[in-house]
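# 3D model of this:
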Amino acid sequence: MNIGFWIIIAIIVVYVVVRFSMNKKFQHVPVNELAEWVKADSNRVVVDVREIGEYQGGHFPGAINVPLSSLSNQLNKIPIDKDVALICRSGNRSMQAAKVLKRSGYSKIWNVARGMSGWSGQTEKGSKPGKLKA
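Residues are numbered from 1 along each chain as shown. Alright, predicted model coming up:
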């Protein structure tokens, strides 16, 4: 085998290692434990990555809306030094958002498992974050 073959193999190995290291698993908050997660630390932030119409129809109290479609342009709305829980309808968009945040230097990222479709607690309607009642 020639040197070119080994160089190609080395490049493939490096690519695979880098690719998998970028897709590290994120921490998850079960949706039924989200209220307790927020109450446990007042510095925690919930970010709803659904589109504005979905958010206005009913969102987790206190969640701010930063739609996935404009997330990269609105990172300034999300504090980099706090625990950030990302929520959407089912958990798919929030995982995509977690990858965007990770690439942007965020390290305290949580994905809300099952999203709003699994949330049975109170919701707030409208375009402003409401308050979670005790």
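
# Could you use CA atoms for every contact and neighbour count after this?
Fine.

# Buried ones in the helix or strand where G53 lies, by neighbour count?
If you go by DSSP states H and E, G53 is part of helix 52-57. Using 16 or more other Cα atoms under 10 Å as the test for burial, helix 52-57 gives E54, Y55, Q56.

# In contact with C88, which residues are there?
D48, V49, R50, S94, V112, G115, M116 (Cα atoms under 8 Å, 6 or more residues apart in numbering).

# and if you look at L68?
V49, R50, E51, R93, S94, Q96, A97.

# element containing the last one?
With elements delineated by DSSP H and E, A97 resides in helix 92-103, which encompasses its position.

# Which strands and helices lie in contact with that helix?
Under the contact definition 3 or more Cα pairs under 8 Å, 6 or more residues apart in numbering; DSSP states H and E, helix 92-103 sits against strand 84-87, strand 109-113.

# any weak-confidence spans in the chain?
The chain contains residues with pLDDT under 70 at 1, 17-25, 130-134.

# max-length helix in it?
Of all segments of type helix in the chain, defined using DSSP state H, the longest is helix 3-22.

# After that helix, which helix or strand is next? Please name it.
Tracing the chain C-terminally past helix 3-22 and defining elements by DSSP H and E, one meets strand 27-30 next.

# This completes my enquiry, with thanks.
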